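Pasting a predicted model and its sequence here:
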Amino acid sequence: MSRSIYDLLAKGQKVLINGRQGQYQVIKALKRNVFQASTVESKTPVIIKTEGSDPVIYQTEANCYGYRCVAESPYIRALHEVVDNDTDRCMVFEYLDTDLWSLRARAQELGQPFLKAAARSILEAVKAFSDMDGHFTALHTVKLADLGAIIPSEGFDDFRLQGVEIRAPEIWKGMLPRPPCQVWSVGVTLTHFFANRVIFGNWDQDCRVQEFPLEVNKSAWAIGKIIKLTGSVKRDEDPKYQLEFDLAELFVNQGLIKVGTLEEELAKVNAPKGCVDFIHHLLTIDDKARPTAEQALQHPWFQSPE
């Protein structure tokens, strides 16, 4: 059984990890299972991720790097090595300077060139996962990371995946995850970054219908938010989610959800028209009409001089 690096650090002990490619000194804990470290020889910063309390997520992330399209992608955080010995079981990753959400307050300052670089890099990473059929980001080179939560395309019939804020309409309807839902999540992520606030989801819900369960109300609010922001959703959901969609339409029709259209919300931060058009392109309601990552990369916004 591997040792608890977190507990050793809490006791003030020095922690060294022996890998095949070198020795790593753990500097500090970022989470209970994620640590900042550096190579002993060159002092190169790295990130250490241990198994923690969820070995399934750990193994899923490790397995992702078994795909060549992931391991060799310049848009996905590099895995340096996997350590698995009598003392430690962990993955050693490339160190990234910051994450996209931490930079949201600087969205206006960084401007469209940075947003284009971020969007292009994220879509290239999504494209890599599409190739295998399936938020830490650096400031100058944007990369996808934390692949333990990568969404499989089968085996989840009893509940819906994707976080509430980034969940695509088809996932709310009960469909299994496919690459188009990842493109939707990119659109939501870029919206929140440029707006410097969370817009989608149910974080601002301030009323409910008491006759219905809380979870139904929360789901309905998030679905209603999608309708308000991007337009009506075709009613072809799994019957077990019909009540959520009925309630979502009630919330919208009664004017209870205080959010404008996507264009109106992004106008509050003076988002350029080309940027808004691009984000709207990613947030196409119909998953069959939504662009693939490869198609999205051909959008005119990327070719514009600004």
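Good, I have the coordinates. Numbering: from 1, shown residues only.

per-residue pLDDT, the nearest residue to Gln23 once chain neighbours are set aside?
In this structure, Gln23 finds its nearest non-sequential neighbour in Val40, 4.3 Å apart by CB to CB, 6 or more residues apart in numbering. Placement of C-beta: from N, CA and C, glycine included. Confidence at Val40, expressed as pLDDT, is 95.

How about Gly163?
84.

tally of neighbours for it?
Neighbour count for Gly163, taken as other CB atoms under 10 Å: 11.

Work out for me the element it sits within.
Applying DSSP states H and E as the criterion places Gly163 outside every helix and strand.

what about the stretch 151-300 of the chain, any weak spots by pLDDT?
Along the stretch 151-300 of the chain, the parts satisfying pLDDT under 70 run over 151-161.

Outside of the longest helix anywhere in the chain itself, list whatever touches it.
Using DSSP state H, we find that the single longest helix of the chain is helix 107-131. Helix 107-131 is contacted by residues 69-70, 73-76, 100, 103, 137, 141-144, 150, 179, 182-183, 186, 189-190, 193-196, 269-270, 272, 274-275, 278, 292-294, 296-297, 301-302, 306 when judged by CB atoms under 8 Å, 6 or more residues apart in numbering.

Now the buried members of those.
Buried members of these, counted by 16 or more other CB atoms under 10 Å: 70, 73, 75-76, 100, 103, 137, 142-144, 150, 179, 182-183, 186, 189-190, 193-195, 272, 274-275, 278, 292-293, 296, 301.

Can you give me the pLDDT of the closest residue in space to Glu94 that isn't next to it in sequence?
Counting by CB to CB, 6+ apart, Glu94 lies nearest to Ala78, which is 4.1 Å off, once chain neighbours are set aside. pLDDT, Ala78: 89.

Show the backbone phi and psi for Ala78.
Main-chain dihedrals, Ala78, degrees, to the nearest 10: phi -70, psi 140.

isn't it right up against Phe93?
Yes: in this structure, Ala78 is within contact of Phe93 by CB atoms under 8 Å, at 6.8 Å.

and those two? which has more neighbours close in?
Phe93 (22 against 17).

what about that one, which SS state?
Assigned with DSSP: H, G, I helix; E, B strand; the rest coil, Phe93 falls in the strand class.

for it, what are its contacts?
By CB under 8 Å, 6+ apart, the contact list for Phe93 reads Val46, Ile47, Ile48, Lys49, Arg77, Ala78, Leu79, His80, Ala145.

are any of those buried, and which?
Among the contacts of Phe93, those scoring as buried are Val46, Ile47, Ile48, Lys49, Arg77, Ala78, Leu79, His80, Ala145 (criterion: 16+ other CB under 10 Å).

Would you check how far apart the third one and Tyr6 are?
As defined by CB to CB, to the nearest Å, Ile48 lies at a distance of 11 Å from Tyr6.
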